[in-house]
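Participant: Sequence plus predicted model, see below.
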Amino acid sequence: MADREDEQIPGPGQGNCSECGSPLAPDQRYCLSCGARRGRLPGAVAGTLAALSSKGRGVAAAAGAKLPKSKGGDGEEGGWSWMPSPPAIAIAVIGMLALGVGLGSAMSEIAESAPLQTILLVYPHHATEAPPAEEPEEEVEEEAIAAAPVETAPEAIPFEPLPEEAPFEPLPEGEEELDGQPPPAEFNPEEEGENFLEEEELPEVRHAWLIVLGENSYESLFGGTGEAAYTSKTLPKKGELIPNYYGVTGGVLANQIAMLSGQGPTQETAVNCPNYDEILPGTVAETAEQVEGTGCVYAETVKSLPTELGEEEVTWRAYVEDMENGAAAGWPTTCRKPTLNTPDPAQTPVVGDQFVTWRNPVVYFRAIAESPECGKLDVGFEALTRDLKSKKKTPALSLIYPDACHAGGELECEPGAPKGARGVAALLKTLVPAIMASPAYEEGGGLIMITSAQAPQTGEGADPSGCCLAPQFPNLPSAGTTTKKATSGKKSSTATTEAEAEPTAYSEESVTETGGGGKVGLLLISPLVEPGTVAEAEYGNHFTLLKTLATMFGVEPVGFAAEEEVPTLSPSLFVAPEEEAQEAAETSRRKARASSATPRNLRMVGPVKRRDRRAPNWAPGSTPIERAIARLRP
């Protein structure tokens, strides 16, 4: 109230400025021309200005005492001539206010036309302050939107929240989630075993000799109780022995046919075909392309390993012992066979001619027996002797069938002649070394296979056991359900080490008491196998061997050998050719070092004393090189 009383409001009579005479409005307190106040200030304001003025003069006086005195614009010392006049200050203040009003209006128009994102970006705290780590990004955006002025915000962009996650539900047992993809089929080792085995490859074989004996058990031929030391001790040391190898049926001829074509027996082949009759009606079953009917001779359309090789231009030959001995009786010396659909006169051996037709299985396929090439493909042992001398004449596959005297079994071919394993040994002592010394075998990649068609099927040691896909053959009456047979896989006493080979898909559980041709064993002799080993874990039969040979020579397996359940022999039984070549090279280097380390042909007479090296007693004719080498010796 004191201020209001002290403040003088101009009256109607006071119309001009007392300083410059400019006209003033009735309620105007300051002159716009000179800035002079009209009337006195309120008491409180005047007191405050007086105090500030006196304090300012004291500070200025103290500062002026330290600085050199300058002359003002009016010539007086210590003047403030640089300060603008009151009108100038008033004009500057008014201009600054006008500029602020203009800038505010402009910014307001920009804010109204700018999108929401632009408004958010001009906030300094968004650039200088990081949002708290615990707050999600969506919450920060919502805060910014809420803080923006409503009148300046454009139409809001619709905010779509993330979809809520479905509640967790555990998958059923046995299933696995794979990013929306269906789960893979469950791994079954039994179903995938064959495919895993096929990842390994059998070695390339350039020449193979398959020696098929007659009726011999594994124990009588290769086992520790073998009758002949050559077959039970000497031969196994040269190669790798597979004890658990079986015939597929009863009958020597039936097993030999199965080994070549994968065909099961007929009632006639099971008894070695006394009548050389064609199989009728000869219908082909869907299962393994089995020929159904009665008889022994297969039609021209039936496939076999020899015919498959011929189509691929892979050479083969069958060598049957004593085939030439029938010339005196008018029989041909090659491709020897009876007339079709007549009794077979060569069912038993005779003195001077131990040939029997059922030991010549290739002539039971009309595609071979009636071929113009049969005389060149089905020959005797004399041709085998000639072919082994030349690598060019040696076929890729040699099928060797000894006669009744050398095939084993208890049949006496001639009075006083050895029989059984001793008869086999009498032939193999000559045959196996001849093959191993042949140019084709020494070339590398050669493979000799020795087995029997079947084990004895009658007598005290009869063995009708089977293994590894022993099916019910369509041409034989059902023999009933077979049972598992526990076999120990007795190791031969001739083995020096155990073969570290992975087994095939077959095992001891695959052995049956009946339905097969018995346990006969298989011996492999080759640079591609480790000598003196026994593959106890390997199981196989004639179908297994047929598929192995077909795979090695690059042709399709036939008959039961083409079934998926039938694997080949394990590739791990064989040494890789590269490893075999490295071992041979290392052996050659060792021999070379040993040879160079021991000087030979030094013809020195008497001892050479250590103190008398300069004057040894040389033998006449010693060369300078021999003398130089001798000086180096103590």
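Facilitator: In hand now; what should we look at?
Participant: just checking, residue 292 is part of a strand?
Facilitator: Yes - under DSSP: H, G, I helix; E, B strand; the rest coil, residue 292 sits within a strand.
Participant: how many neighbours does it have?
Facilitator: Other residues near residue 292 number 16, with proximity taken as other CB atoms under 10 Å. No exception for glycine: its C-beta is placed from N, CA and C like everyone else's.
Participant: Residue 253 now?
Facilitator: Residue 253 has 25 nearby residues by other CB under 10 Å.
Participant: Quick check: closest non-adjacent residue to it.
Facilitator: residue 358 (4.1 Å; CB to CB, 6 or more residues apart in numbering).
Participant: and that neighbour, what are its phi and psi?
Facilitator: Main-chain dihedrals, residue 358, degrees, to the nearest 10: phi -70, psi 0.
Participant: i'd like the first residue to be 24 from this point on
Facilitator: Okay, residue one is now 24; in that scheme the one you just asked about reads as residue 381.
Participant: what about it, distance to residue 370?
Facilitator: 7 Å (CB to CB, to the nearest Å).
Participant: what is in contact with the two at once?
Facilitator: Residues touching both residue 381 and residue 370 (CB atoms under 8 Å, 6 or more residues apart in numbering) are residue 295.
Participant: what about these two, which has more around it?
Facilitator: Neighbour totals were compared for residue 381 and residue 370, and residue 381 leads with 26 against 14 (other CB under 10 Å).
Participant: my guess is that one meets residue 295, correct?
Facilitator: Yes - the pair residue 381 / residue 295 is scored as a contact, 4.0 Å apart, by CB atoms under 8 Å.
Participant: Which residues are in contact with each of these two?
Facilitator: Here residue 381 and residue 295 have 275-276, 370 as joint contacts, going by CB under 8 Å, 6+ apart.
Participant: and which of those residues is nearest residue 253?
Facilitator: Set against residue 253, the nearest of the shared contacts of residue 381 and residue 295 by CB to CB is residue 275 (22.5 Å).
Participant: Count the residues that sit near the closest residue to the closest one other than its chain neighbours.
Facilitator: Spatially, and ignoring its direct neighbours in sequence, residue 275 is nearest to residue 476 (4.4 Å; CB to CB, 6+ apart). Residues near residue 476, counting by other CB under 10 Å, number 32.
Participant: partners of the host helix or strand of residue 476, with directions?
Facilitator: Taking DSSP states H and E as the definition, residue 476 sits inside strand 469-477. Sheet partners assigned to strand 469-477 using DSSP bridges are listed as strand 230-238 (parallel), strand 545-548 (antiparallel).
Participant: Contacts for the following helix or strand past it next, please.
Facilitator: Counting by DSSP H and E, the element after strand 469-477 in chain order, helix or strand, is strand 489-490. When contacts are defined by CB under 8 Å, 6+ apart, strand 489-490 is touched by residues 267, 269-271, 505, 529, 533-535, 537-542, 562-564.
Participant: what do you get if the cut-off is 10 Å, keeping everything else the same?
Facilitator: Strand 489-490 has contacts (CB atoms under 10 Å, 6 or more residues apart in numbering) with 267-273, 505, 508, 510, 529-542, 562-564, 567.
Participant: Which of these are buried, as a PyMOL select command?
Facilitator: Applying 16 or more other CB atoms under 10 Å to those, the buried members can be selected in PyMOL as follows:
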select buried, resi 267+268+269+270+271+272+273+505+508+529+531+533+534+535+537+538+539+540+541+542+562+563+564+567
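Participant: and residue 588, how many neighbours does it have?
Facilitator: 12.
Participant: Good, we can wrap up now.
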